[in-house]
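Visitor: Let me see the structure of the following:
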Amino acid sequence: MTTPPPRLKLEQYLGMQVRRQRQAQELKLADVARIAGISQGMLSKIENAQVSTSLDVLSRLCDVLGMPMSKLFAQYDQQGGSALLVKKDEGLEVVRRGTEKGHTYHLLNHTRGPKKPFEAYLVSMDDASEEFPTFSHPGTEFLHLLEGELVYRHGDQLYRMQAGDSLTFEGDVPHGPEELVQVPIRLLSVMNYGEEGH
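Guide: You can find the predicted model right below:
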C-alpha cells in the first residue's frame, strides 16, 4: 500500500496557485509584481514558498490576476483526492424531522460549502408502534433496506419493502414510512439534490 504524498504547506500551496494563475495568463513576474505594488524578488519568494506573506499582499495579487481570494484557498482542504471513508458506527448523528419519533439518523457523508449535491443517511427505527412524519424535499431519493421489513408510502402508493429491496422516487412528493412490519429497521437513504445543491 503506497503512502499518500505529504500535504502541501499553505505557503507552498498558495505560491503554486499564484504561479499557475500567472503563467496561465502569460503574465511576466515583473509586471504582476509592479501592478501589485511589491518587488519582483518578493513575488518570486511567494511563488517559491520561501516566505509567508500577508493577506493584504495576497489580496492585491488576486486582484492583478483577476481571481477571487476565495478561489485561492478553495482547494487547499481538498488536495490529494476527496474520498471520505466513514467507518461502521462512526457516522455523525444528526437531528432531522423524525428524530423526536425515535428515529436515529447517521449522516454518512459531508461536503464542504453551502452546496451539497447529495446526502446519505443510515436511518434506524426500532419501535413498531411509532407514528411517522412525512417528508418532502427537492431532488431524488434512493432507499435501500438493510434490515427489517416495512411499508413505505410515496404519495398515494404503498410499497412493501424487505431487506435487500431498494426504492427510488422524486423527493417533492410527500413520503415516509407507513408501517414497520418487522423491527429493528436499518435503512440507507441517499438524497440527490441535483445541480441546485441544498
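Visitor: Strands along the chain, start to end?
Guide: Remark: strands assigned in the chain by DSSP state E are 92-94, 104-107, 118-125, 140-154, 157-162, 166-170, 175-192.
Visitor: Now for the closest residue to Thr140 other than its chain neighbours: which residues touch it?
Guide: Leaving aside its sequence neighbours, Thr140 sits nearest to Asn192 (Cβ to Cβ, 6 or more residues apart in numbering; 4.7 Å). Every residue, glycine included, has its C-beta placed from N, CA and C. By Cβ atoms under 8 Å, 6 or more residues apart in numbering, Asn192 lies in contact with Pro117, Phe118, Gly139, Thr140, Glu141, Phe142.
Visitor: of all the residues you listed, which comes closest to Asp127?
Guide: Glu141 (22.5 Å; Cβ to Cβ).
Visitor: pretty sure that closest one is touching Asp172, no?
Guide: No - Glu141 is beyond contact range of Asp172, at 9.9 Å (criterion: Cβ atoms under 8 Å).
Visitor: Looking at those two, which has the bigger crowd around it?
Guide: Each of Glu141 and Asp172 has its neighbours counted (other Cβ atoms under 10 Å); Glu141 has more, 21 against 12.
Visitor: quick one, what contacts the more buried one?
Guide: Thr168, Phe169, Glu170, Gly171, His175, Ser189, Val190, Met191, Asn192.
Visitor: Thank you kindly, that will do.
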